[in-house]
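**Student:** Sharing a model prediction with you, sequence too.
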There are 2 protein chains.
Amino acid sequence: MTKKRESTGFLIKQRAFLKLYILTSIEKERWYGMQILDELKAAFRPFGYEPQHSEIYRALHDLLEDGILTRKKIIEEGSRYKEVAVYSVKNKDEAKAYKKLVKADLDRGEQLLRKALKDNFS
Amino acid sequence: MTKKRESTGFLIKQRAFLKLYILTSIEKERWYGMQILDELKAAFRPFGYEPQHSEIYRALHDLLEDGILTRKKIIEEGSRYKEVAVYSVKNKDEAKAYKKLVKADLDRGEQLLRKALKDNFS
């Protein structure tokens, strides 16, 4: 697990944030490569945050390296030869444990931001 | 102003967060060097965040460079020769404008974290 690298003790890192979203998305259904990418971008745009493709790929790669996800190639529907990568959860316990860590970091971050708003603007 | 460098569009940067706290502290009273440092560390400790001295110094230096703060040397109380640095707000309008920017980033971050908690854990 890469928890240590992802937390400086300040706010959650973008990488962990994206890993969480990817995990949740893959838990819901088998996941075809980058279909989520545009969904994520659209979801965050109103918040002024637009994750880069490269950053999302790195998050995905981390999850494969951590052994939480697995990838296989299948023949694309409607095609005879074209292969696409499909991702699924390999280790449900590790996925659950990772999400629990990230949740704690999100909760902590929310508290820290709320404290800053209170301390400096009230 | 260094807004651009401080925001990747994801969450607020530690540097901006510390600049905000330093500014608020100096607005309240004249500020003797690093007296705030231990207060800040103690305040954030329950949140698992312990800013480093070097990071706080850099935040202070940024505020001087931005022309928001000014520094002068005075003779320490009770001493005949020992000089200490005292910081004060140089440009109230710029201080106000900077805090407004940071507030928007804090609000946005709080919304983003709340969204992540909702999207992934409910």
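**Tutor:** Perfect, thanks for sending it. Numbers count the residues shown, from 1 in each chain, chains lettered A, B, ... in the order given.
**Student:** three-state assignment of residue A:73?
**Tutor:** Reduced to three states with DSSP: H, G, I helix; E, B strand; the rest coil, the structure at residue A:73 is strand.
**Student:** which residues touch it?
**Tutor:** Neighbour list for residue A:73: A:83-86 [criterion: CB atoms under 8 Å, 6 or more residues apart in numbering or on different chains]. (C-beta placed from N, C-alpha, C; glycine too.)
**Student:** How about the residues of chain A by chain B?
**Tutor:** Residues of chain A lying near chain B by CB under 8 Å from any CB of the partner chain: A:8-12, A:14, A:17, A:20-21, A:23-24, A:43-44, A:47-51, A:99, A:102-103, A:106-117, A:119-121.
**Student:** So how do I select the buried members of the residues you listed in ChimeraX?
**Tutor:** Selecting the buried subset of those in ChimeraX, with 16 or more other CB atoms under 10 Å in any protein chain shown as the burial test, is done by:
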select /A:10,11,12,14,17,20,21,23,24,44,49,51,99,102,106,108,109,110,112,113,116,117,120
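**Student:** Out of the contacts of residue A:73, list just those in strands.
**Tutor:** A:83-86 (DSSP state E).
**Student:** of those, closest to chain B?
**Tutor:** Nearest to chain B out of those is residue A:86 (CB to the nearest CB; 21.4 Å).
**Student:** So in terms of bridging, what pairs with that closest one?
**Tutor:** Here residue A:86 sits in beta bridges with residue A:32, residue A:72, going by DSSP bridges.
**Student:** what about it, how many residues close to it?
**Tutor:** The burial count assigned to residue A:86 is 15, neighbours taken as other CB atoms under 10 Å in any protein chain shown.
**Student:** try residue A:42
**Tutor:** 10.
**Student:** So what angle separates the directions of whichever strand or helix holds residue A:103 and helix B:92-121?
**Tutor:** According to DSSP states H and E, residue A:103 maps onto helix A:92-121. Orientation of helix A:92-121 against helix B:92-121 (axes from the mean of the first three to the mean of the last three CA atoms, to 10 degrees) gives an angle of 160 degrees.
**Student:** Spatially central residue for chain A, please.
**Tutor:** In chain A, the centroid-proximal residue (CA atoms, centre = their mean) is residue A:19; its distance is 2.0 Å.
**Student:** In contact with it, which residues are there?
**Tutor:** Here residue A:19 is in contact with A:59, A:62-63, A:98, A:102 (criterion: CB under 8 Å, 6+ apart).
**Student:** Repeat the analysis, applying 6 Å as the threshold.
**Tutor:** A:59, A:63 (CB atoms under 6 Å, 6 or more residues apart in numbering or on different chains).
**Student:** In contact with residue A:90: list those residues for me.
**Tutor:** Residue A:90 neighbours (CB under 6 Å, 6+ apart): A:69-70.
**Student:** For it, report the pLDDT, please.
**Tutor:** Predicted confidence (pLDDT) at residue A:90: the value is 94.
**Student:** Neighbours of residue A:61, how many?
**Tutor:** 11.
**Student:** any idea how far residue A:68 is from residue A:101?
**Tutor:** 12 Å (CB to CB, to the nearest Å).
**Student:** for residue A:26, same thing?
**Tutor:** For residue A:26, the distance to residue A:68 - CB to CB - is 9 Å.
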